[in-house]
Structures are given as structure tokens and as C-alpha cells.
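**Student:** One predicted model, sequence on top.
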Amino acid sequence: MKSNVTSLGNRIFIIDGYDLHMPERTGAYVIVDDDITIVETGPSLSVPHILQGLQELQIQLEDVRNIIVTHIHLDHAGGAGLLLQHCPQAKVYVHPKGARHLINPSRLIAGAKAVYGDTFDTLFDPIYAIPEENVISKGDGDTLQIGQYCELSFLDTPGHANHHMSIYDPISNGIFTGDTLGVRYQSLEENGVPLFLPSTSPNQFNPDAMLSSINRVKKLQVDKIYFGHYSASTNVNEVYTQLQYWLPRFVEEGEKAMRHGKDHTSLSESLVEQISDHLHKKGVSPSHPAFTMIQLDMKICAMGILDYIAERDER
Ligand SMILES: [Zn+2]
């Protein structure tokens with residue numbers, strides 16, 4: 001069987017979770033410290049991949065102590081309940097605003113059904129509630145000792161969602177940023193064309209909050225960013241620069257679409273067009289596999305942008 005585990009150095013591994021049945025989409029990070037710690041579970045369909053990866057790393061499931069989710073969107077935390085059933089000693093750590101939705105996922109399920117429609121069942125089912133005693137809230141400035149020499153710290157990083165936190169790891173001087181610092185397209189970076197795009201999913205996207213969170217992370221002067229999608233980059237300044245470039249453009253395109261009475265499908269098409277133009281100038285072939293993912297992402301991004309503008313203009 002093909003390995004789905006990659007070492008990222010500094011005792012950190014990523015297990016590909018094949019979210020949406022696609023490779024290099026969403027991964028679970030494993031920090032092999034005194035207490036085995038997993039950051040992000042992906043949806044339930046990723047859990048068998050995580051179990052296989054842990055086996056490959058020769059980690060006993062009883063030794064998994066911490067399961068951290070950056071936020072409660074199902075592609076990051078939907079599998080936490082199922083994974084916990086396999087890891088009897090683990091606790092689940094989550095933003096204080098997310099805790100009750102892990103304990104009772106009904107609103108989460110309804111929200112995802114609104115975005116994903118008919119594909120919900122194949123992509124996200126089942127979503128198991130997590131017993132209250134296994135859920136621990138971590139707010140801004142809180143820490144978690146995972147080893148003799150390592151204390152992780154939690155930062156409140158809204159923008160993509162209000163229940164979003166990032167986790168700083170002092171050993172690698174790196175930070176797990178979920179979706180707040182956007183999406184990294186691994187196949188493009190491997191081809192020498194790094195692309196980092198904001199993730200503006202419904203329905204709590206807020207560009208001002210996102211920009212503050214980006215600036216806050218930037219001030220930490222980390223060496224590495226561990227993305228929710230996908231894997232890690234040491235090209236950190238490029239990440240900040242690109243997000244600061246694309247974020248206002250995304251909102252501007254949304255405003256234009258709104259003025260002309262266009263819907264999210266048409267907005268997503270114009271976003272894809274802008275990104276394709278940019279990549280074309282960098283010499284990326286129009287048949288590059290990254291485009292499939294970009295198209296998918298822009299569909300969801302467009303919904304969140306229009307959502308944000310409509311709500312903002314109502315105020
Ligand atoms: Zn995500």
C-alpha cells in the first residue's frame with residue numbers, strides 16, 4: 001500500500017486524509033512529542049487514512065493524547081468524534097466558540113448541508129457528537145504542554161470563521177493556521193509557482209478580521225506555516241504578500257458582482273479567471289491539476305464573499 005505519511009521535520013508528520021476523495025487536499029498533522037498530538041482530523045472519511053498513517057508511524061492509539069482542531073468546519077473537525085472513538089486516552093481541544101457544536105453537531109450539519117447540498121452524505125457523513133467531558137476549550141493565550149520541552153500556544157485568529165484558532169509550536173517555530181492564512185496549492189509550489197489564496201467560505205468570513213489575523217501571525221516571525229489545505233511552507237513572506245494581494249481583490253470582485261446583480265456562480269468564474277491569468281503569466285499550463293481544486297475552492301469562496309457583502313450592506 002502506498003504511504004500517505006510525509007515527514008515535515010521537527011518531529012511533525014502529515015497524513016493525507018483524501019478529503020473530497022482528493023489527494024493533497026486536507027491533512028492531519030501528527031506531532032510526535034511526549035504526548036502524541038494530532039492537529040486537524042479532516043472529515044470522517046479521513047479517519048481510516050489517519051489510522052493507517054499512525055500505524056505506519058508505529059504510534060499506538062492509546063498514546064494519542066491530544067486532538068486539536070483549528071476550527072469546527074467539517075473538513076477540519078468533522079472526523080474528530082470518530083477519531084476519538086479509536087483513541088481512548090485523547091481529549092479534543094477547540095476554540096471556546098466551537099465547543100458546544102462538537103458536543104451537539106446538529107447546527108454544524110445543517111450549515112454544511114446548506115453549502116454542500118446533495119454531496120453532504122458522501123463527503124461528511126457520519127458526524128459523531130463528542131462527549132462533553134472530552135472537549136476542552138482553548139482561548140487566546142492558552143497553552144498546552146505536550147512534552148518536557150514543548151508548550152503549544154493558542155491564538156484567536158478570526159477572519160475565516162469566528163471559532164478559529166491557530167496553534168504555535170516553539171520547536172519548529174511554526175504555526176498551524178487552519179484556513180485563516182488561506183490555502184496552499186502544493187502541486188503548484190512543487191512546480192516552482194507558489195500560490196496562496198484566501199479562504200473566504202460562508203458564513204463568518206470577514207476580510208478585516210482576516211487581515212488582522214494575518215498581520216498578527218506575521219509579527220510572530222515564524223519559519224513555517226502549516227496549512228489546513230495543504231501541508232507546510234517555509235515561504236512565509238510570500239504567503240503574507242499573496243494574501244494581502246488577493247484578499248482585497250476577492251472583495252472588490254464581490255462588490256462588482258453584487259452591483260451587477262450577479263450570483264455566486266458568476267463571481268466564482270471571474271475569480272477563477274483572475275487567478276488563471278496570474279498563473280498563465282507564471283507559465284502554468286491551463287491543464288495543470290491545481291485548477292480543479294482552485295475551481296472548487298472559488299465556488300465556496302464566492303458564496304462567502306457575497307454573504308459577507310450582503311450582511312455588511314444591511315448594517
Ligand atoms: Zn477548510
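**Tutor:** That came in fine, so what should we check first?
**Student:** all helices for the stretch 151-300 of the chain, in order.
**Tutor:** 186-190, 207-219, 236-259, 264-281, 290-314 (DSSP state H, counting those that start in this stretch).
**Student:** Residue numbers of the protein in contact with the ion?
**Tutor:** Asp75, Asp179, Gly228 (CB under 5 Å from the ion). Yep, even glycine has a C-beta here, placed from its N, CA and C like the rest.
**Student:** ok, how many other residues are close to the first one?
**Tutor:** Put plainly, it is Asp75. 26 (other CB atoms under 10 Å).
**Student:** hmm, back to that, export the helices of the stretch 151-300 of the chain as TSV, with columns for mean pLDDT and mean neighbour count.
**Tutor:** Output for the helices of the stretch 151-300 of the chain, formatted as TSV (pLDDT from 0 to 100; neighbours: other CB atoms under 10 Å):
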stretch	mean pLDDT	mean neighbour count
helix 186-190	94	17
helix 207-219	98	17
helix 236-259	98	17
helix 264-281	97	16
helix 290-314	96	19
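**Student:** Can you classify Gly53 by secondary structure?
**Tutor:** helix (DSSP: H, G, I helix; E, B strand; the rest coil).
**Student:** from what I can see it touches Asn4, true?
**Tutor:** Yes: look at Gly53 against Asn4 with CB atoms under 8 Å: they come within range, at 5.6 Å.
**Student:** what about the two, which has more around it?
**Tutor:** Gly53 (24 against 19).
**Student:** nearest spatial neighbour of the more buried one, skipping sequence neighbours?
**Tutor:** Ile15 (3.3 Å; CB to CB, 6 or more residues apart in numbering).
**Student:** hang on, the earlier thing: export the helices of the stretch 151-300 of the chain as CSV, with columns for distance to Ser153.
**Tutor:** What follows is these, written out as CSV (distance: least, CB to CB, whole Å):
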stretch, distance to Ser153
helix 186-190, 26
helix 207-219, 12
helix 236-259, 18
helix 264-281, 34
helix 290-314, 28
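**Student:** mind checking which of those is nearest Gly111?
**Tutor:** Across those, Gly111 has its closest neighbour in helix 290-314 (11.8 Å, CB to CB).
**Student:** Next, the angle from the closest one to helix 236-259.
**Tutor:** Interaxial angle, helix 290-314 versus helix 236-259 (axes from the mean of the first three to the mean of the last three CA atoms, to 10 degrees): 60 degrees.
**Student:** what helices or strands is helix 290-314 leaning on?
**Tutor:** strand 196-197, helix 236-259, helix 264-281 (3 or more CB pairs under 8 Å, 6 or more residues apart in numbering; DSSP states H and E).
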